[in-house]
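Visitor: next one to model:
(one chain, ligands or ions: 1)
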Amino acid sequence: MPVNDQKPCQTLDNDNEFNQIVYDLWMNEGFLIGDYMLKTGQMSPFYINLRRSISIPNLLGRMSRLMYEQIDRLTNDRTEPMYDMICGVPYMGLMFATCISQQYNQKMLMLRKEAKQYGTKEMIEGIYRPGQRVLLIEDVLSSGTSIIESVIAIRQCGLIVDDVVVFLDRNERGKQNVEHLANVRVHCTFTLNHLLHGLRSFDFITEQQADCCRSFVDLNPGIISDPLRKIALQCADMIQHHHNNEWK
Ligand SMILES: O=P(O)(O)OC[C@H]1O[C@H](OP(=O)(O)OP(=O)(O)O)[C@H](O)[C@@H]1O
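Guide: Modelled structure (predicted):
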């Protein structure tokens with residue numbers, strides 16, 4: 001399925017709220033036009049920096065609320081509990097997860113980027129037992145590398161991850177990469193198309209600039225390194241085995 005055919009995740013109710021967020025992000029350099037290198041090493045004609053919001057608590061709070069409303073809708077659609085605790089992809093996903101955890105009384109785990117070499121040497125901090133379900137939280141989805149790395153680390157601790165909620169999908173191949181390689185469902189609260197639409201409505205960017213961003217993501221192959229691809233598939237197989245044999 002082409003990425004841009006994805007069903008929009010936002011509703012008309014939160015359209016205005018999102019536009020206000022777009023306004024605040026633009027005013028605080030949360031969206032930049034220019035040449036920026038991505039994690040994959042590719043050069044992008046734009047950059048989304050939601051980290052700017054940590055200095056504007058009200059903005060981070062509003063984004064987290066829209067994210068939680070989506071989690072709530074997803075939860076209501078399920079017959080069984082969707083998760084036992086939330087966990088953010090470091091670093092910015094951790095900020096969203098902390099905000100959601102505090103605002104909505106959700107249990108949380110903290111995933112490190114690297115295991116500490118002293119103390120308990122844990123990769124994941126918090127209270128959990130193997131077999132519990134984790135809902136992963138991410139700020140921006142590009143290639144999906146960060147999510148896949150986090151899923152692997154969480155699964156290696158014996159936890160289950162079947163879903164990830166992302167505030168903003170750059171409309172690259174990240175969603176397909178995560179779903180295919182990590183076997184995790186990706187739920188995006190907003191997409192690049194929503195963001196560009198908002199930026200255009202304020203006349204912050206020209207139609208030509210919006211087109212340039214769209215063309216870039218349409219053609220971006222969303223590279224996942226071969227070693228990560230291999231580990232992700234091995235891990236997904238291993239976890240499927242556990243699902244089938246031990247936790248049923
Ligand atoms: O889908 P991907 O290709 O992985 O890109 C998305 C990731 O990139 C950014 O973080 P970054 O890797 O820059 O790290 P940071 O947390 O140190 O800011 C962003 O916050 C996502 O986590």
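
Visitor: residues of the protein that sit close to the ligand?
Guide: Proximity of the chain to the ligand is confined to 39-40, 89-92, 138-146, 174 under the rule C-beta under 6 Å from any ligand atom. For every residue, glycine as well, the C-beta is placed using N, CA and C.

Visitor: restricted to helices, list those residues.
Guide: Mapping the residues of the chain next to the ligand onto helices (DSSP state H) picks out 92, 145-146, 174.

Visitor: tell me the bridge partners for Leu168.
Guide: Taking DSSP bridges, one finds Val140, Phe190 as the beta-bridge partners of Leu168.

Visitor: rewinding a little: which of the residues of the chain next to the ligand tops the neighbour count?
Guide: When neighbours are counted by other C-beta atoms under 10 Å, Gly144 leads the residues of the chain next to the ligand with 31 neighbours.

Visitor: contact partners for that one?
Guide: By C-beta atoms under 8 Å, 6 or more residues apart in numbering, the contact list for Gly144 reads 173-178, 181-182, 222, 224.

Visitor: switch to 6 Å and redo it
Guide: By C-beta atoms under 6 Å, 6 or more residues apart in numbering, Gly144 lies in contact with 174, 177-178.

Visitor: can I get these in a markdown table including pLDDT?
Guide: As requested, the contacts of Gly144 are arranged in a markdown table below (pLDDT from 0 to 100):
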| residue | pLDDT |
| --- | --- |
| Gly174 | 95 |
| Asn177 | 95 |
| Val178 | 96 |
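
Visitor: so what does whatever helix or strand Asp24 lives in touch, helix or strand wise?
Guide: Element membership for Asp24 (DSSP states H and E) is helix 15-27. Applying 3 or more C-beta pairs under 6 Å, 6 or more residues apart in numbering; DSSP states H and E, one finds that helix 15-27 makes contact with helix 57-76.

Visitor: how about a cut-off of 10 Å?
Guide: Packing contacts for helix 15-27, counted by 3 or more C-beta pairs under 10 Å, 6 or more residues apart in numbering; DSSP states H and E, involve strand 31-37, helix 57-76, strand 160-169, strand 185-191, helix 192-201.
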